[in-house]
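> quick one: sequence plus predicted model below, questions after.
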Amino acid sequence: MKALHFGAGNIGRGFIGKLLADAGIEVTFADVNETVVNALIERNEYPVKVVGADCVVEQVTGVTAINSTDPRVVDYVAEVDMVTTAVGPTVLKIIAKTLAAGLEKRVKDGVTAPLNIIACENMVRGTSQLKEAVFELLSGDVKAKVEEFVGFVDSAVDRIVPPAEEGETDPLAVTVETFSEWIVDETQFKGDIPDIPGMERTDNLMAFVERKLFTLNTGHCVTAYLGNLKGHKTVREAIEDDAIRSDVKKAMEESGEVLINRYGFEREKHAAYIEKILGRFANPYLVDEVDRVGRQPLRKLGKDDRLIKPLRGTIEYGTANDTLLKGVAAALKYTNDNDPQAVELQDTIKAVGIRGTLAKYCELAEDSKEAIQVEALY
């Protein structure tokens, strides 16, 4: 079985690419980073440091790479059995052109073997959004064939993969936490679903998408924004601050009430899941800076993202949300001159105020009690 994986960054190599290669799949990474691509072509392997109670270095083998701007990438799309991505929401739209060209060629060449495409991104139904972008570029006849033979499979992914350790000279070395979760919508596959250890199947993906978004992502960014306000540099430093840990746990409990109401999660099991997340944030082997986790605040304040979506859920079910509101207020305090979104956020606050900013980016009405409360907390 052959797979093309877009994105040879830390997440691509340390998470999805590793799971595919470990399952015996021939993996070709596609990326624009010449240093990484050339190293993968030359070595066909790379080390992954897995850190938890114990630290082990695992070697990922049998891999290669191609520059994602190389025209031959289209040929790969036309021939492989699986395409996966770990590129980020913005780049996802860019690779849609390459995928469309590859699918056109696949149909033209008469390839009828199933192909499954899985976007492994921090976004809700990312593959479905990718499919929309791809289909805008396909002709009518090709669309019909693609619908027949190509599965666009949504997934939920969870693994903390920090930037390279300071002093690391190997461009392929990557550090990851022990925990990983890759859940796929089994109803969207074409042909047989591949047996990949670490890839879990479900017919109720949204429950797990929102569990991860409302817990890991919500807790992570609340930790970062509150930590930033108190001068902490890393997520671990922030979560070891008792006051911040208490607020982060409360925020995840508030978002958890939405999940319990919406999907029927068992309260005790979800409480244990929250504790596991808190433990992951405190992993002494993961050096994750609050600026990395807090970057792109406008995206994180979007109505369907990690702060506002669970907040909207608390409004829907009439449950507590004081700490989530505090997290939103802390996000509005985030400043970083090297982050265009952080700069735009602060410029907008100066121009239209807190409630105007909440209306613009979060779609919270200026006269809503939540907007008024966030303004007071700010």
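Cool, the structure landed. Computed from a predicted structure; not experimentally measured.

> show me the contacts for residue 286.
If you count contacts by Cβ atoms under 8 Å, 6 or more residues apart in numbering, residue 286 has them with 51, 160, 162, 175, 177, 235-236, 280. C-beta: built from backbone N, CA, C; applies to glycine.

> run a quick neighbour tally on residue 304.
Other residues within reach of residue 304, judged by other Cβ atoms under 10 Å, total 12.

> state the distance from it to residue 235.
Distance, residue 304 to residue 235, by Cβ to Cβ, to the nearest Å: 24 Å.

> just to revisit the earlier point, tell me which of the contacts of residue 286 is nearest to residue 40?
Comparing these against residue 40 with Cβ to Cβ places residue 175 closest, at 17.7 Å.

> can you give me how far the helix or strand containing that closest one is from the chain middle?
Per DSSP states H and E, residue 175 falls inside strand 174-177. Relative to its chain's centre, strand 174-177 lies at 15 Å (Cα atoms, centre = their mean, to the nearest Å).

> restrict it to CA atoms and write it as PDB.
C-alpha atoms of strand 174-177 as PDB (Å, rounded to 0.1, in the frame of the first residue of the first chain):
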ATOM      1  CA  VAL A 174      11.200  15.200  16.100                       C
ATOM      2  CA  THR A 175       9.900  14.900  19.700                       C
ATOM      3  CA  VAL A 176       6.400  13.800  20.500                       C
ATOM      4  CA  GLU A 177       4.400  12.900  23.600                       C
END
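
> hmm, who's touching that strand?
Contacts to strand 174-177, defined as Cβ under 8 Å, 6+ apart, come from residues 10, 13-15, 18, 46-52, 159-162, 164-165, 280, 283, 285-286.

> again, only this time at 7 Å
10, 13-15, 48-52, 159-162, 165, 280, 283, 286 (Cβ atoms under 7 Å, 6 or more residues apart in numbering).

> buried subset of these as a ChimeraX selection?
Selection of buried members from the contacts of strand 174-177 for ChimeraX, criterion 16 or more other Cβ atoms under 10 Å:
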select :10,13,14,15,48,49,50,51,159,160,161,162,280,283,286
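
> so which of the contacts of strand 174-177 belong to strands?
48-51 (DSSP state E).

> now, which of these sits nearest residue 321?
Using Cβ to Cβ, the shortest approach to residue 321 within the ones in strands among the contacts of strand 174-177 belongs to residue 51, at 34.2 Å.

> in the ones in strands among the contacts of strand 174-177, find the pair that's most separated.
Farthest apart among these by Cβ to Cβ are 48 and 51. That separation is 10.1 Å.

> quickly list what's touching both of the two.
Taking Cβ under 7 Å, 6+ apart as the contact criterion, no residue touches both residue 48 and residue 51.

> would you list every one of the strands in this structure?
Using DSSP E, the strands of the chain run over 2-6, 26-31, 45-51, 55-61, 63-67, 82-85, 115-119, 150-153, 155-158, 174-177, 181-185, 199-202.

> can you list contacts of the first one?
If you take Cβ under 7 Å, 6+ apart as the criterion, strand 2-6 is touched by 12, 16-17, 20, 25-30, 68, 76-77, 80-85, 87, 95.

> pull out the buried members of the residues you listed.
Buried, going by 16+ other Cβ under 10 Å: 12, 16-17, 20, 25, 27-30, 68, 76-77, 80-85, 87, 95, out of these.

> now do the buried residues in stretch 342-360.
Within stretch 342-360, the residues scored as buried using 16+ other Cβ under 10 Å are 342, 345-346, 348-349, 354-355, 357-360.

> any idea how far residue 215 is from the closest residue to residue 263 other than its chain neighbours?
Excluding the flanking residues, the one nearest residue 263 by Cβ to Cβ, 6 or more residues apart in numbering is residue 207, at 4.2 Å. Residue 207 sits 12 Å away from residue 215, taking Cβ to Cβ as the criterion.

> returning to what we had before: how about a markdown table for the strands of the chain, with mean pLDDT and distance to residue 292 added?
A markdown table is the format used below for the strands of the chain (pLDDT from 0 to 100; distance: least, Cβ to Cβ, whole Å):
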| stretch | mean pLDDT | distance to residue 292 |
| --- | --- | --- |
| strand 2-6 | 98 | 21 |
| strand 26-31 | 98 | 19 |
| strand 45-51 | 95 | 17 |
| strand 55-61 | 95 | 21 |
| strand 63-67 | 98 | 24 |
| strand 82-85 | 98 | 20 |
| strand 115-119 | 98 | 21 |
| strand 150-153 | 98 | 28 |
| strand 155-158 | 93 | 17 |
| strand 174-177 | 93 | 14 |
| strand 181-185 | 96 | 20 |
| strand 199-202 | 96 | 26 |
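
> before I go, just wanted to say thanks for your time.
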